[in-house]
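Trainee: Build me a structure from this.
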Amino acid sequence: MVWMRTSGLPNFRKLWGRIESDLDSGNYTVRIQDVYDVSSFDGEKHVVLSTANALGGDNTYLGIAYLVVGGITIMLALVFAIKGYFYSRKVDNLHYT
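Mentor: Numbers count the residues shown, from 1 in each chain. Sure, this is the predicted structure:
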């Protein structure tokens, strides 16, 4: 099912499998059967062994960026709320006839 999803970027990774236990150091042999030819659009295939956390990736940059932007947004919301409370404009009731 993962392989059928369209990628939004030109460079992407699609999970094929998961190793649930630790690997011992050493040499490993991986046999790959190429059943989908990518040479017609100059595509490439690679095998990547990577670590992952509960959020799915090893890179925490995106999570930190979301927290920083969220914190800045909350601070600005508080500043504008305080400004609006103390420095609100008084509007006279204008009656048009």
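Trainee: Pull the number of nearby residues for Gly13.
Mentor: Heads up, residue 13 is Arg, not Gly. The tally of other residues near Arg13 (other C-beta atoms under 10 Å) stands at 10. Placement of C-beta: from N, CA and C, glycine included.
Trainee: Just give the closest residue to it, not the sequence neighbours.
Mentor: In space, and not counting its chain neighbours, Arg13 is closest to Val48: 6.3 Å by C-beta to C-beta, 6 or more residues apart in numbering.
Trainee: For the residue nearest the centre of the chain, give me phi and psi.
Mentor: The residue lying closest to the centre of the chain (C-alpha atoms, centre = their mean) is Leu62, at 5.9 Å. Leu62 adopts backbone torsions of phi -60, psi -40, taken as degrees, to the nearest 10.
Trainee: Check Lys14 too.
Mentor: Backbone torsions of Lys14, given as degrees, to the nearest 10, read phi -130, psi 130.
Trainee: helices or strands next to the helix or strand where Ala77 lies in the packing?
Mentor: Taking DSSP states H and E as the criterion, Ala77 maps to helix 61-86. Under the contact criterion of 3 or more C-beta pairs under 8 Å, 6 or more residues apart in numbering; DSSP states H and E, helix 61-86 touches no helix or strand at all.
Trainee: where does this protein dip in pLDDT?
Mentor: Applying pLDDT under 70 to the chain flags the ranges 1-4, 53-59, 90-97.
Trainee: can you rerun that using 90?
Mentor: Within the chain, the stretches with pLDDT under 90 are 1-24, 28-64, 84-97.
Trainee: mind listing the strands for it?
Mentor: With DSSP state E, there are no strands along the chain.
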